[in-house]
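Novice: Predicted coordinates and the sequence they were generated for:
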Amino acid sequence: EAVDGNYYLGRREAAFGDGTGVTAISNYALAPDSRPSVSGDGSTAVFVSSAHDLIVAETNGAGSLALGLTGLVHSASISADAKHVVIIFRNPDTGLPIDQIAYIDIESDSSVLIPLYLPVADGGTALKIRTVDEIDLSPDGQTAIFDGLAETTLANGLTLRSWSIFAVDLRTRQILSLAG
């Protein structure tokens, strides 16, 4: 149930003595139509706040931290081992997601922006993926899966648009079409 018109991340874990109630683990409201991502052992969650900032929360109730990216985050995911995070940023003026993925390797304290292009099989010119929505990581944190709106204009001027599912190998930056 919403509190003050917002939803908050919570847990119900017998090992922490939560009983039948839900225990809040963050005082940051979730962004509408977003979903949290939790590490494989359940200890860490990342999510987009209603202020469109990236929030990292310890699910044991130890606290949560806004990363100071207010207005810039559309969606995010953390790997099962909590060593990698991917972010889809948003244009703060339009509120629309941008066509890049930020890949953060927490262990090496490095990050890279990956522009998103449609995979090309015939050696033609790659077209940018117009927009992306949600993103998730493989258990090893080396592949990001996301949905994207592909767009192309034919010689006769007709524009075709289609949502598809894509994967990007975060080591090689190779993008594959999985569906659509």
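Specialist: Looks like it came in fine. Numbering: from 1, shown residues only.
Novice: what are the ranges of the strands in the protein?
Specialist: 8-11, 23-29, 37-38, 44-48, 54-58, 63-66, 73-78, 84-90, 97-105, 110-115, 131-137, 143-153, 159-169, 175-179 (DSSP state E).
Novice: Out of those, which is the most enclosed?
Specialist: strand 73-78 (a mean of 25; mean count of other CB atoms under 10 Å). C-beta: built from backbone N, CA, C; applies to glycine.
Novice: So what's the gap between that one and the chain middle?
Specialist: 3 Å (CA atoms, centre = their mean, to the nearest Å).
Novice: Can you pull up the most central residue in this protein?
Specialist: A76 (2.3 Å; CA atoms, centre = their mean).
Novice: So, low pLDDT: which residues of this structure?
Specialist: 1-2, 120-126, 180 (pLDDT under 70).
Novice: which stretch among the strands of the chain comes nearest G17?
Specialist: Among those, strand 23-29 comes nearest to G17, with 8.9 Å by CB to CB.
Novice: neighbouring strands for that closest one, and are they parallel or not?
Specialist: Looking at strand 23-29 with DSSP bridges, its partner strands are strand 8-11 (antiparallel).
Novice: Let me have the strands of the chain in JSON lines, adding distance to G17 as columns.
Specialist: Formatted as JSON lines, the strands of the chain follow (distance: least, CB to CB, whole Å):
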{"stretch": "strand 8-11", "distance to G17": "11"}
{"stretch": "strand 23-29", "distance to G17": "9"}
{"stretch": "strand 37-38", "distance to G17": "20"}
{"stretch": "strand 44-48", "distance to G17": "19"}
{"stretch": "strand 54-58", "distance to G17": "16"}
{"stretch": "strand 63-66", "distance to G17": "18"}
{"stretch": "strand 73-78", "distance to G17": "25"}
{"stretch": "strand 84-90", "distance to G17": "30"}
{"stretch": "strand 97-105", "distance to G17": "33"}
{"stretch": "strand 110-115", "distance to G17": "37"}
{"stretch": "strand 131-137", "distance to G17": "31"}
{"stretch": "strand 143-153", "distance to G17": "36"}
{"stretch": "strand 159-169", "distance to G17": "40"}
{"stretch": "strand 175-179", "distance to G17": "42"}
